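Trainee: sequence plus predicted model, see below.
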Amino acid sequence: MKRMKRMKSEKKTYHHLIRGIILIGFMLLLLKLLLTNNITLFIAPKMDGFIYFTLFVILLLGVLLIFRGTSEENAHYDCECEGEHSYPKSKLKSLFLYSIFIIPITTGLLFADHVLDSSVAKNRTLKLGADTQDMTKIQPAKKNKESSDPGQPDSSPAPSSAEMPEPLSQAEYSSLTSNLLQATSINVTDDTYVPMVNIIQENMEKMLGKTITIKGFIYREKNFFQDQIVIARYGITCCVADASVYGIMAKGKIANLPKDKWIQVTGAINQTIFDGAPIPIINIQDYKMIPVPKQPYVYDAGVRIE
């Protein structure tokens, strides 16, 4: 009888140890993403505080479970909840259960992080012009106070992993609209990407003929002609689960350009029909292939209601 109780206690100890190691593994995975700034490939910077809190809680729970798993004391722990907590009754079931957690931790630690591409975009909403009503619902975060002249090349840095544009006020949005309408050439910057695309869509007739420079990855819909692409970016509000595809259609001698490659395009704004609605399109005058930026996503910061 005593031998059976000892074996049962050893079994619980074994499971405590494994579960503690798994939690520490998750903590190391989060720590890797934070240290490499690759956490921004999964969540918006405004969520970093929750990640640090989660990191601390997982570390604490993992240490406690490892301590219980290595303790020589045969203490009895009772959570005083209804029902009985059971452990896998065979080694095969234990292996299957813990592999569900160990495999993603291992692959996350060993392999490079993946950037969303066209394979995901085809299952997401394609926004060739943002929805102002959606933009007003976004909560504020940190803001880069300096904004570049839309008629000049972008010299301002993109938001870092600890920095996210704050929602524009109505006055700031009106000022940006006025600047774009007055400019003869437009450079779409990362920190105001979504509102700029939205403004171009809303004021399309006044934008016709203006020169625009924009960068993104190459995306094609099935019903596109060979000379048509979308210069696309993923816009994130909280995390990649809510990512939408923003961009502007472009056309030119680009039939041989492969999808998902990053490109910077300069051309004149024109108008075309897509899915029965008028949208802006860029007549490409010049383009160049560029490397994937350190921050491939843009943030749908929104417009504040005042």
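Mentor: Arrived safely, thanks for sending.
Trainee: make it CA atoms for all contacts and neighbour counts henceforth
Mentor: OK.
Trainee: where do the helices sit along the stretch 201-306 of the chain?
Mentor: 204-207 (DSSP state H, counting those that start in this stretch).
Trainee: any regions of it where pLDDT drops low?
Mentor: Scanning the stretch 201-306 of the chain for pLDDT under 70 picks out the ranges 306.
Trainee: and K259, how many neighbours?
Mentor: By other Cα atoms under 10 Å, 15 other residues sit near K259.
Trainee: show me what contacts it?
Mentor: Residues in contact with K259, defined by Cα atoms under 8 Å, 6 or more residues apart in numbering, are 118, 217-220.
Trainee: any buried residues in stretch 285-299, and which?
Mentor: Using 16 or more other Cα atoms under 10 Å as the test for burial, stretch 285-299 gives 287, 295-299.
Trainee: ok, stretch 49-64 next?
Mentor: Buried residues in stretch 49-64, counting neighbours by 16+ other Cα under 10 Å, are found at 51, 55, 58-59, 62-63.
Trainee: just the ones of those residues in helices?
Mentor: 51, 55, 58-59, 62-63 (DSSP state H).
Trainee: looking at the residues you listed, which one is closest to R233?
Mentor: Checking these against R233 by Cα to Cα gives I51 as the nearest, at 24.6 Å.
Trainee: give me the nearest residue to that closest one, chain neighbours excluded.
Mentor: Nearest residue to I51, sequence neighbours excluded (Cα to Cα, 6 or more residues apart in numbering): L30, at 7.7 Å.
Trainee: which helix or strand contains the one you found?
Mentor: Assigned by DSSP states H and E, L30 belongs to helix 2-35.
Trainee: mean confidence score for that helix?
Mentor: When pLDDT is averaged along helix 2-35, the result is 76.
Trainee: do the same with stretch 100-116
Mentor: For stretch 100-116, the mean pLDDT works out to 84.
Trainee: buried sites along that stretch?
Mentor: For stretch 100-116, by 16+ other Cα under 10 Å, it's 102, 105, 108-109, 116.
Trainee: count the residues that sit near the residue nearest to I51.
Mentor: When neighbours are counted by other Cα under 10 Å, L30 registers 21.
Trainee: tell me how far it lies from Q295.
Mentor: Per Cα to Cα, to the nearest Å, L30 is found 18 Å from Q295.
Trainee: same check on N203?
Mentor: The spacing between N203 and Q295, counted by Cα to Cα, is 28 Å.
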